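In: Okay, sequence plus prediction incoming.
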Amino acid sequence: MSLIPSFFGRRSSNVFDPFSLDVWDPFQDFPLSTNLPSSARETTAVANARIDWKETPEAHLFKVDVPGLKKEEVKVEVEDGGILQISGERSKEQEEKNDKWHRIERSSGKFCRRFRLPENAKLEQVKAAMENGVLTVTLPKEEVKKHEVKAIDISG
C-alpha cells in the first residue's frame, strides 16, 4: 500500500523505502495526444509489476506477479553492488485484419524493477522459480555474527 497518493494514476512504491530503486516518470501515463498509433497507446500495467519482499530468519524472498509470462520472458539479475533486477516483457497480441476488439485490458510491454539488497544477502546463492504466474526469488542470508562482549576490569 502506498503512503503517497498517485497523481497520474500509477501506484508507486513507498518513496521512503531506501531499498526501492524505481524511477518515477511523471509523464508515464500522461495522455499527450489521442492521435497516437495503437502501438503507442498500449496499456502499461505490466510495466509496474507488483512485488512483495519478505525477510525471514533464513532468507530474503521476493514474489512477483507475472501472470501469463513464461520463464523465458522474465530475467533475474544481480548486479555488482548488490542490486537485484527483475525484468521482462509481455508481447502485444497480434491483431488480425478481420478482428474486432471490444475491450483491451490486459497489459503488454516491458517492466523492470530494481532493489538494493542488504549486506547480509548471499548474492552468489540466489535462486528463482516460477509457478502459476508468480516468480519467487530467494536470496539466503549470511549468519549474523553476534558481537562478543568482553568485560574490562577497571583498575584503581
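Out: Sure thing, it's come through.
In: From Gly156, how far off is the nearest residue to Lys141 once chain neighbours are set aside?
Out: Residue nearest to Lys141 in three dimensions, not counting chain neighbours: Asn120, with 4.9 Å by CB to CB, 6 or more residues apart in numbering. (C-beta placed from N, C-alpha, C; glycine too.) Separation of Asn120 from Gly156 (CB to CB, to the nearest Å): 41 Å.
In: higher neighbour count, those two?
Out: Asn120 (13 against 2; other CB atoms under 10 Å).
In: ok, that one touching Lys145?
Out: No - with contact defined as CB atoms under 8 Å, Asn120 does not count as touching Lys145 (10.0 Å).
In: part of a helix, is Met130?
Out: No - with DSSP: H, G, I helix; E, B strand; the rest coil as the criterion, Met130 is located in strand rather than a helix.
In: Pull the contacting residues for it.
Out: 66, 71, 74, 136 (CB atoms under 8 Å, 6 or more residues apart in numbering).
In: How about the contacts made by the second one?
Out: Contacts for Lys71 (CB under 8 Å, 6+ apart) come out as 130, 135.
In: From Thr136, how far off is it?
Out: 11 Å.
In: ditto for the first one
Out: When CB to CB is applied, the distance between Val66 and Thr136 equals 11 Å.
In: Could you check which of these two has the larger neighbour count?
Out: Each of Val66 and Thr136 has its neighbours counted (other CB under 10 Å); Val66 has more, 21 against 14.
In: Would you mind confirming that that one is in contact with Val137?
Out: No - in this structure Val66 lies outside contact range of Val137 using CB under 8 Å: 11.5 Å.
In: what's the pLDDT at Ala59?
Out: If you check Ala59, the pLDDT there is 95.
In: now Ser33
Out: For Ser33, the predicted pLDDT is 40.
In: One more: Ala40?
Out: 39.
In: So, low pLDDT: which residues of this structure?
Out: 1-48, 144 (pLDDT under 70).
In: let's go with 50 and repeat that
Out: 1-13, 33-46 (pLDDT under 50).
In: Strands of that one, start to end?
Out: 51-55, 59-65, 74-79, 83-90, 109-116, 127-131, 134-140 (DSSP state E).
In: Give me the sheet partners of the second one and which way each runs.
Out: So the one you mean is strand 59-65. strand 51-55 (antiparallel), strand 134-140 (antiparallel) (DSSP bridges).
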